[in-house]
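Enquirer: Make a model of this:
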Amino acid sequence: LKEELPRFVPFLTQKCGVEFSGRILEIGAGGAWLSAELSKLPKVVEVITTDLSPKLLKEEAPRVFRLLGANTAKITRMPADFHALQFPDNHFDFVVCSAVLQHAANIVQVLCEAKRVLKPGGRFIAIREPVWPLVKIKSRAKMIEKLVATGVNERFHSLSHFREFFKQAALPLEVRRVALSSGLKYYIEQAVNGITHARYAFIGVKPGRAVKRPPRGSATGPRKP
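Expert: From the prediction side, this is the model:
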């Protein structure tokens, strides 16, 4: 695992003000490092970890869970296509993904599915998506062209493209520049982000007001799973 990966969740909570809680769905999880990190947060009740590849979920994810010290009691793994999720409407507090939208055949459809399964006021969070900076590096562009030519499904989009995708999905978007360093280096990374390189966190919020449920065992009865 890259050393920087476990630093994304603290960035989201400390720099972006995201308070992860309740029920979380990860789409396109792969080795599921993000699920592992989220499972350790005290207010997170359940993490549903999905990927199109059952093999990754069965063989790779357990190794990552052990390495990162995941709270596996909170995690359920299951195969799923993020273009057509098998979950009911208004079901999750968060839908998250890491380096996933670049592989989607239809990004707007993926966003619409995420919006559908989110509760009103729930958040969709995408990180580690490749975005073209203002200054395109020729060597990098040529490398991507070669990958596409060989059948690798890697799609780079501009920031304006992502804004349009979220607009089409009717999912209000907040864009945050990602900088995982500390001290002076953090501010330098923030200043050049989007120019020489581009790293963003995309945070979409499903319209509507979040409904607070009564605690388990209250006078109104237990909460249904």
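
Enquirer: Can you pull out the low-pLDDT segments for the protein?
Expert: Scanning the chain for pLDDT under 70 picks out 1-3, 131-156, 180-182, 184-198, 210-225.

Enquirer: Helices along that one, start to end?
Expert: Applying DSSP state H to the chain gives helices spanning 8-14, 33-39, 54-55, 61-68, 107-117, 138-149, 159-168, 184-192.

Enquirer: for the protein, longest strand please?
Expert: Within the chain, and with DSSP state E defining each element, the longest strand by residue count is strand 118-127.

Enquirer: Does anything pack onto it? Which helices or strands?
Expert: Strand 118-127 sits against helix 8-14, strand 92-98, helix 107-117, strand 200-205, with contacts defined as 3 or more Cβ pairs under 8 Å, 6 or more residues apart in numbering; DSSP states H and E. In this view, the C-beta of every residue, glycine as well, is placed from N, C-alpha and C.

Enquirer: just so I know, which of these lies nearest residue 70?
Expert: Closest to residue 70 of those, according to Cβ to Cβ: helix 8-14, at 12.0 Å.

Enquirer: For that closest one, which outside residues touch it?
Expert: Here helix 8-14 makes contact (Cβ atoms under 8 Å, 6 or more residues apart in numbering) with 18-20, 34, 37-38, 41, 98, 125, 127-128, 178-180, 201.

Enquirer: that older thread, need the residues that contact the longest strand of the chain.
Expert: With contact meaning Cβ under 8 Å, 6+ apart, strand 118-127 is reached by 8, 12, 18, 34, 90-101, 111, 114-115, 171, 178, 201-211.

Enquirer: Wait, residue 104 touches residue 81, no?
Expert: No: if you go by Cβ atoms under 8 Å, residue 104 and residue 81 don't touch, sitting 10.3 Å apart.

Enquirer: higher neighbour count, those two?
Expert: Shown here are residue 104 and residue 81; by other Cβ atoms under 10 Å, residue 104 has more neighbours (19 against 14).

Enquirer: Check the spacing between the more buried one and residue 52 real quick.
Expert: 11 Å (Cβ to Cβ, to the nearest Å).

Enquirer: Residue 56: neighbour count?
Expert: Neighbourhood size, residue 56 [other Cβ under 10 Å]: 18.

Enquirer: That should have said residue 19, apologies.
Expert: Using other Cβ under 10 Å, residue 19 is surrounded by 13 other residues.

Enquirer: now residue 179
Expert: 18.

Enquirer: ok, back up a step: please check the contacts of strand 118-127 and keep the buried ones.
Expert: Buried members of these, counted by 16 or more other Cβ atoms under 10 Å: 8, 12, 18, 34, 91-98, 100-101, 111, 114-115, 171, 178, 201-206.

Enquirer: quick one: stretch 38-55 to chain centroid distance?
Expert: Chain-centre distance of stretch 38-55: 11 Å, with Cα atoms, centre = their mean, to the nearest Å.

Enquirer: list the buried ones in that stretch?
Expert: Result for stretch 38-55 [16+ other Cβ under 10 Å]: buried residues 38, 39, 41, 44, 46, 47, 48, 49, 50, 51, 52.
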